[in-house]
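Participant: Next input, structure requested:
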Amino acid sequence: MEMNKISSDTQKSMKTRIITAIVMALVVLPCVILGDWFFVAIVFVIIGVGLYEVLKSTGKKYPLVLKILMYIFTYSFVFWVFFQKDSSVQNQAATYIVETGTFLMYDIRISTMGVGFLIAILFLSSIVSQKTDIQDIFYLFSMSLFLGFAGQSILFLRFCPDALSPDEFNYTSRYSTCLLIFFIACGTMLNDIFAYFTGVLFGKHKMAPVISPKKTWEGFVGGLIFSTILTSTFAFICDGVFSTPVLKGIIDIEHWYYIIIISLILGLASVLGDLMFSSIKRYYNIKDFGNILHGHGGILDRFDSILMTSTLTAILITFIYYNPIFGVIS
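Facilitator: As a prediction, the model looks like this:
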């Protein structure tokens, strides 16, 4: 297969993206490894900036009250699970151990009452304000719900390994429980990286020209193959070489088929997340959601895929764990 020629603009773009990615890694990686409040803080910032970009993407100036309520409800979707009054439910969903300063999450949940209140407030806003129409209602509602659920899913993936691991197994330290987040990040970013370079070098056939003109089927296949292989290898090495499974009882050598299946799903979900946010940008005729990350655009431009992969993976893990037929832990 003949390789495409790389233009000077593309080379410059690659360099800028790499530099920005390194800076992001220096900020985010320590928070991921340390976990607890450090990780909560970075998720808080990502969701907050992401919501700001959502509100800005339509090009409309919404009432300040509506913006404040959007932040309140979105953050409540992320953190509500930690503030449930029923202690019996609290122990099943999420908890914070004050003595050790450790977060534990057993499940992912969204307040149905919060969902109902949000949709009611948005409809009320469309009635009393000419700046909000029916299209805004469904866009803001869906994005608030998605960002809230994605934020909680990311927290779950960082804090669930200790909670869901069998009683006979203990991670060597609370820092080793960050492997699940790295597993998700590997599957997402490796798919993005290899799809980009494979597309640049070999891309001939457009995948979704209307939504994302630069995506090609060659890039899609290349990204999916390489990310699945390398992400699976990462999980096998963690358990086989270092005796520290990504998620004991589910993503470990004993359940190797889950490793491969989830690695494959990560690649597919990554593309889905990218296309979803690309379609939003195409609809609102914007190039990027923001410019906070030089060479990458905004937070949603960079974290679009990982928000989707985290959400779907968290759902899949809870389904495997709690399903009476497929559950691997009794």
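Participant: Next, residue 211: phi, psi?
Facilitator: phi -90, psi -50 (degrees, to the nearest 10).
Participant: That one: what's it in contact with?
Facilitator: 275, 278-279, 282 (C-beta atoms under 8 Å, 6 or more residues apart in numbering). In this view, the C-beta of every residue, glycine as well, is placed from N, C-alpha and C.
Participant: From the residues you listed, which land in helices?
Facilitator: 275, 278-279, 282 (DSSP state H).
Participant: From these, list the buried ones, please.
Facilitator: Burial by neighbour count, judged by 16 or more other C-beta atoms under 10 Å, picks out 275, 278 from those.
Participant: Let me have the ones in helices among the contacts of residue 211 in CSV, extended by distance to residue 322.
Facilitator: Formatted as CSV, the ones in helices among the contacts of residue 211 follow (distance: C-beta to C-beta, whole Å):
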residue, distance to residue 322
275, 30
278, 33
279, 33
282, 38
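Participant: I'd like to know which helix or strand in this protein has the lowest mean pLDDT.
Facilitator: Every helix and strand of the chain was ranked by mean pLDDT, DSSP states H and E. The lowest is helix 87-93, at a mean of 61.
Participant: After it, which helix or strand is next?
Facilitator: The helix or strand immediately downstream of helix 87-93 is strand 94-97, counting by DSSP states H and E.
Participant: Distance from that next one to the middle of the chain?
Facilitator: Here the centre of strand 94-97 is set off from its chain's centre by 22 Å, with C-alpha atoms, centre = their mean, to the nearest Å.
Participant: got the contacts of residue 211 as JSON lines, with pLDDT and distance to residue 27 columns?
Facilitator: Output for those, formatted as JSON lines (pLDDT from 0 to 100; distance: C-beta to C-beta, whole Å):
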{"residue": "275", "pLDDT": "92", "distance to residue 27": "27"}
{"residue": "278", "pLDDT": "91", "distance to residue 27": "25"}
{"residue": "279", "pLDDT": "92", "distance to residue 27": "29"}
{"residue": "282", "pLDDT": "91", "distance to residue 27": "30"}
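Participant: Buried residues, stretch 105-123. List them.
Facilitator: Neighbour-count burial for stretch 105-123 [16+ other C-beta under 10 Å]: 105-111, 114-115, 118-119, 121-122.
Participant: residue ranges of the helices in this protein, please?
Facilitator: 8-34, 36-57, 64-79, 87-93, 112-128, 134-164, 179-202, 217-240, 256-283, 299-322.
Participant: which helices and strands sit right next to the fifth one?
Facilitator: Using 3 or more C-beta pairs under 8 Å, 6 or more residues apart in numbering; DSSP states H and E as the contact test, the elements touching helix 112-128 are helix 64-79, helix 134-164.
Participant: Of all those, which one is nearest residue 25?
Facilitator: In terms of C-beta to C-beta, the element of these nearest to residue 25 is helix 134-164, at 16.4 Å.
Participant: what's the spacing between residue 190 and residue 267?
Facilitator: With distances taken as C-beta to C-beta, to the nearest Å, residue 190 is found 8 Å from residue 267.
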